[in-house]
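Asker: Below is the sequence, then the predicted model.
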Amino acid sequence: MKRFRSAALVLLFFAASVCAQEPYPGKPVRIIVGYSAGGGNDLIVRVMAPRLSEGLGQPIIIENKPGAQAIIACEYVAKASPDGYTLLMGPTGPMAMNPATYSKLPYSPQRDFAPISQIGQFPLIVAVGASLPVRSVKELIEYAKANPAKVNYAASAAAFQIATELFKQKTGTDFVHIPYKGSGESVQAVIAGQVTMTIVDPPPVSGPLRAGTARGLAITSAQRHPSWPDLPTLAEQGIDVEVGLWTAFFAPARTPPAIVARLQKEVARVVRLPDVREGLARLGVDPVGGSPEELGRVLARDIEKWTAVARAANIRND
């Protein structure tokens, strides 16, 4: 009997060793998005997913876990098995701005995640519904001051909230924050006239801007963006607010370096493909595809930057 048990243990050990040596990936890879379908990060990852799947030789499953400023999604991935099969679509908001606006989080962007690669960078767009009688930032400010009890703004993430609070400070306006689960929902709320304005990432607002159901008033970059050459910057309109954001892939901490390297190589390849670059350009996203080390440095820099901004503006989400 002891001999049979010993043989069984040897077989189990051998099977475990074989499994451990199986090439990655050997099954579908899930990418967790902390916002609802139709939001900026959701649209970006759906441009990337077919080509990532092609390169990795496995299906890419996109799973939306919206809510709580993407805290739900971040905590979920932070606690996932570090085997490369559960990844986070991690934008500036939950990774660099949540630490700036929450005194306590159930995850640490720097301790609980392994950076993989930055996907792209993008500015934000100040947008209103086409039915609002406002055609410039100057007119938006005048409208807000003439209707102080009526004006509000939609924001689904700390990034958009901080940008809008800075806008309020610089313009002396008092828009009330209305939270949404995704930037797509924020844009639809503006179009429907449920909120006055939103400062949002380009992907979900690009289509409505082209269709004329939403009106862009400004862009938050230092210079005009080639995707919207007629859209003036806030600085051009006398508002000293400049915000540039990014989105990236992260894995749970302790994910083997070889798996991280495999994923980074694939992201860097995919963002260089002409059809992907074209798809990202339509969403106003400038592709990056950098190294894990570069992403780690960007994350550390932006946590420090946005913590200082949130402290100076007294922005807290606790």
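Answerer: Arrived safely, thanks for sending.
Asker: what secondary structure does residue 30 sit in?
Answerer: strand (DSSP: H, G, I helix; E, B strand; the rest coil).
Asker: Around it, count how many other residues there are.
Answerer: 16 (other CB atoms under 10 Å). For the C-beta atoms, the positions are set from N, CA and C on the backbone; glycine is no exception.
Asker: Paired strands for the longest strand anywhere in the chain, with orientation please.
Answerer: The longest strand of the chain (DSSP state E) is strand 113-123. Strand 113-123 has these partner strands in its sheet, going by DSSP bridges: strand 244-252 (antiparallel), strand 286-287 (antiparallel).
Asker: residues in contact with the shortest one?
Answerer: Same thing as strand 286-287. 119, 120, 121, 122, 271, 272, 276, 277, 280 (CB atoms under 8 Å, 6 or more residues apart in numbering).
Asker: Highest neighbour count among those residues?
Answerer: Busiest of the contacts of strand 286-287 [other CB under 10 Å] is residue 119, holding 28 neighbours.
Asker: Now do the contacts for that one.
Answerer: 44, 48, 246, 247, 248, 249, 267, 271, 285, 287, 288, 289.
Asker: The third one and residue 301 touch, don't they?
Answerer: Right, residue 246. No: between residue 246 and residue 301 there is no contact, the gap being 11.0 Å when judged by CB atoms under 8 Å.
Asker: which of the two has more neighbours?
Answerer: Legend: neighbour count by other CB under 10 Å for residue 246 and residue 301, higher for residue 246 (23 against 11).
Asker: Could you check the pLDDT of the more buried one?
Answerer: Looking at residue 246, its pLDDT stands at 95.
Asker: Skipping adjacent residues, who's closest to it in space?
Answerer: Nearest residue to residue 246, sequence neighbours excluded (CB to CB, 6 or more residues apart in numbering): residue 121, at 4.7 Å.
Asker: what sits against that neighbour?
Answerer: Contacts of residue 121 by CB under 8 Å, 6+ apart are 244, 245, 246, 285, 286, 288.
Asker: cutoff 7 Å now
Answerer: Counting by CB atoms under 7 Å, 6 or more residues apart in numbering, residue 121 makes contact with 244, 246, 286, 288.
Asker: Ok, residue 300 next?
Answerer: residue 110.
Asker: Remind me which helix or strand it belongs to.
Answerer: helix 292-313 (DSSP states H and E).
Asker: Phi, psi for the residue nearest the centre of the chain please.
Answerer: Centrality entry for the chain: nearest residue to the mean C-alpha point is residue 91, 3.0 Å, by CA atoms, centre = their mean. Main-chain dihedrals, residue 91, degrees, to the nearest 10: phi -90, psi 180.
Asker: How about it, nearest residue that isn't a chain neighbour?
Answerer: Residue 91 sits nearest to residue 247 (CB to CB, 6+ apart), 4.1 Å away.
Asker: Just the element for residue 195, please.
Answerer: Applying DSSP H and E, one finds residue 195 in no helix or strand.
Asker: follow-up on the earlier one: in CSV, list the strands paired with strand 113-123 along with distance to residue 233.
Answerer: CSV is the format used below for these (distance: least, CB to CB, whole Å):
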stretch, distance to residue 233
strand 244-252, 12
strand 286-287, 16
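Asker: Tell me which of those sits most buried.
Answerer: Across these, the average number of neighbours (mean count of other CB atoms under 10 Å) peaks for strand 244-252, which reaches a mean of 23.
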